[in-house]
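Asker: My questions concern the predicted model and sequence given below.
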Amino acid sequence: ERLRKLNGFVNEHAKGSKNPAGSRIIDCELDGIAALIIQKDHDYRKEHGVIFYLHGGGYCTGSPWAYKRLLWPLAKFIDLPIVAIDYRQSPDHVFPAALDDSICAYRALLDQGYSPECIFIMGDSAGGNLCLSTLLKIKQLQLPNPAAAVAMSPWADLSSSGESVISNARHDSYIPGFKQMDTAARLYA
């Protein structure tokens, strides 16, 4: 319950925070899934492309609104809009809810006229895991592949059983301590 309250507080504060200078932040939906578009203050054509972003937070915290200040420099530098979805999170929504939401949103981008060659999927931490899981599900469902994917510091091993979890712990600022990872993985599963 404390996690729900904390996450709600952070997300409400982030929604009400001032947008970065020069940005256009647009609330939207992708087939019923809340999303946020972060872009420069001008219009884009669909053939320019879009970054489909999946935020981190151990599958139980975070939101696109909490990430807008992190994503704005990327949108500005790459000069593409970023669409970040508010996928369902644990403990209220367990696996495969987040994956179902990412696939639904990917299909919605395709339905809106984005060519798969112009969609770039990206995520960090748990969102990096969701990025990789989305790619596997796209293949399984025989949907058209996106142009590329970037998984930044992905939480690829939810069991935390690999040696790299220990050897890379001090080098990875995205992944928290082992106890938090274990708790988040159990809540998500």
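Answerer: Done, it's in.

Asker: Moving C-terminal from the worst-scoring helix or strand of the chain on mean pLDDT, which element do we reach first?
Answerer: Ranked by mean pLDDT, DSSP states H and E, the helix or strand of the chain with the weakest confidence is helix 2-16, at a mean of 63. Counting by DSSP states H and E, the element after helix 2-16 in chain order, helix or strand, is strand 23-30.

Asker: Distance-wise, check the residue nearest to residue 97 when sequence neighbours are not counted relative to residue 39.
Answerer: Counting by C-beta to C-beta, 6 or more residues apart in numbering, residue 97 lies nearest to residue 88, which is 4.1 Å off, once chain neighbours are set aside. No exception for glycine: its C-beta is placed from N, CA and C like everyone else's. Separation of residue 88 from residue 39 (C-beta to C-beta, to the nearest Å): 25 Å.

Asker: In terms of packing, which of these two has more residues around it?
Answerer: residue 39 (22 against 16; other C-beta atoms under 10 Å).

Asker: Residue 82 is in contact with that one, correct?
Answerer: Yes - with contacts counted by C-beta atoms under 8 Å, residue 39 reaches residue 82, the gap being 6.9 Å.

Asker: intersection of neighbour lists for the two?
Answerer: residue 75 (C-beta atoms under 8 Å, 6 or more residues apart in numbering).

Asker: Let me know the pLDDT of residue 177.
Answerer: Residue 177 carries a pLDDT value of 57.

Asker: Could you do residue 156 as well?
Answerer: The model's pLDDT for residue 156 equals 87.

Asker: sec struct for it, please.
Answerer: Recorded secondary structure, residue 156: coil (DSSP: H, G, I helix; E, B strand; the rest coil).

Asker: for it, what are its contacts?
Answerer: Residues in contact with residue 156 (C-beta under 8 Å, 6+ apart) are 128, 129, 132.

Asker: so which of those is the most crowded?
Answerer: Busiest of the contacts of residue 156 [other C-beta under 10 Å] is residue 129, holding 25 neighbours.
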